[in-house]
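In: this one's structure only:
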């Protein structure tokens, strides 16, 4: 299969530190032909990084930007017949309209999480895709790298395989310290977010996706409290929730970006009738590159024998989601990156923000466009 000709829409941090390295690791799966950004300078900077990393000739990647005129703006990029697909890595509020614009131009799309700023907007986006573009054979997937992480998927399989028996209860605790010096905070659209939850939506959908991948049952309802503990992270930086599942199990989901200091905490424990499963993360320095590499460790302890089985996987979710997108374009669809799944992740965060101690039916939330 020849390489998929692709353009990156967005030239921010995640395009540089995650998507470009993933394209590089996938060798000849993709051919990067163009980059779009709001400014020419940011598009040019990402193109220079890409040309160096991917060993491409200088100026081989075409640049498009908002002041480029009719020959070098986003419309011009999308009009190119030699570009099959686009990777959308833009601010949260911008993405839904760009997804539709790209599909309307006949491009396959993989867009960064979250699917949309709100559940209502996500539902509308899915309805538009399924009615107008999916029948034309166009593919749209949401890039949620936690959903693609081999370690989390291995944990989900272990639970499905009954290695801890029936799930009884669980606890996911993700606590972070985001300072005003953080490269993520310094991104203008994150500093003053124009969408619900601030970092809770932007980063929190990752944790919601982890819940969805690991736990075997659909979520039914959520009760929670949201708060703001550090003023620079307005409108909220913390949610504590209690979630119930279809199979009768239940758990606590704690999410905060408002720790007063680091390091953060990221642990996920699932208790079953026959054992426990613990998911943790750690970093090691790669000897070849001298760069830090994250690993996900899954520890499965049998209640009767006391023996623990360990599964360790390198964190490579962005690489895996792009590899899966390529397979989908080739006709192999395993459901990874489904917009409906990504919608459920936004629903968890939105319900946590809106609950204020009242129970919210999660299944009704994702079925309603009110």
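Out: Sure thing, it's come through. A quick note: this is a predicted structure, and the numbers were derived from the prediction, not measured.
In: now residue 296: how far from residue 46?
Out: 28 Å (Cβ to Cβ, to the nearest Å). For every residue, glycine as well, the C-beta is placed using N, CA and C.
In: check residue 37 too.
Out: From residue 37 to residue 46 the distance is 7 Å (Cβ to Cβ).
In: what is in contact with the two at once?
Out: residue 11 (Cβ atoms under 8 Å, 6 or more residues apart in numbering).
In: just the strands in the stretch 51-200 of the chain please.
Out: In the stretch 51-200 of the chain, the strands defined using DSSP state E, counting those that start in this stretch lie at 62-65, 85-88, 108-112, 140-143, 167-175.
In: any regions of the stretch 101-250 of the chain where pLDDT drops low?
Out: Nowhere does the stretch 101-250 of the chain drop to pLDDT under 70.
In: tell me which helix or strand comes right after the lengthiest helix in the chain.
Out: Using DSSP state H, we find that the single longest helix of the chain is helix 339-354. Sequence-wise, the next helix or strand downstream of helix 339-354 (DSSP states H and E) is strand 359-361.
In: how about the secondary structure of residue 282?
Out: Following DSSP: H, G, I helix; E, B strand; the rest coil, residue 282 is assigned to strand.
In: quick check: it touching residue 295?
Out: Yes: under the criterion of Cβ atoms under 8 Å, residue 282 makes contact with residue 295 at 5.7 Å.
In: give me the neighbour count for residue 304.
Out: Per other Cβ atoms under 10 Å, the neighbour tally for residue 304 reads 7.
In: residue contacts, residue 350?
Out: Contacts of residue 350 (Cβ under 8 Å, 6+ apart): 118-119, 196-197, 201, 365.
In: hmm, try it at 6 Å
Out: residue 119 (Cβ atoms under 6 Å, 6 or more residues apart in numbering).
In: residue 294 versus the nearest residue to residue 210 once chain neighbours are set aside, what's the distance?
Out: Nearest residue to residue 210, sequence neighbours excluded (Cβ to Cβ, 6 or more residues apart in numbering): residue 146, at 5.1 Å. From residue 146 over to residue 294 the distance is 12 Å, taken as Cβ to Cβ.
In: mind checking which of these two has more residues around it?
Out: Applying other Cβ under 10 Å to residue 146 and residue 294 shows that residue 146 carries more neighbours, namely 24 against 14.
In: any idea how far the more buried one lies from residue 80?
Out: The value you get for residue 146 to residue 80, if Cβ to Cβ is used, is 32 Å.
In: tell me the SS of residue 35?
Out: strand.
In: number of residues surrounding it?
Out: 27.
In: that one touches residue 48, doesn't it?
Out: No: Residue 35 is not in contact with residue 48 according to Cβ atoms under 6 Å; the separation is 10.1 Å.
In: beta-bridge partners for residue 174, please?
Out: residue 255, residue 266 (DSSP bridges).
In: highest mean neighbour count out of the strands of the stretch 51-200 of the chain?
Out: strand 140-143 (a mean of 27; mean count of other Cβ atoms under 10 Å).
In: now the strands of the stretch 51-200 of the chain as TSV including distance to residue 71?
Out: Compiled in TSV, those are given as follows (distance: least, Cβ to Cβ, whole Å):
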stretch	distance to residue 71
strand 62-65	9
strand 85-88	18
strand 108-112	23
strand 140-143	27
strand 167-175	46
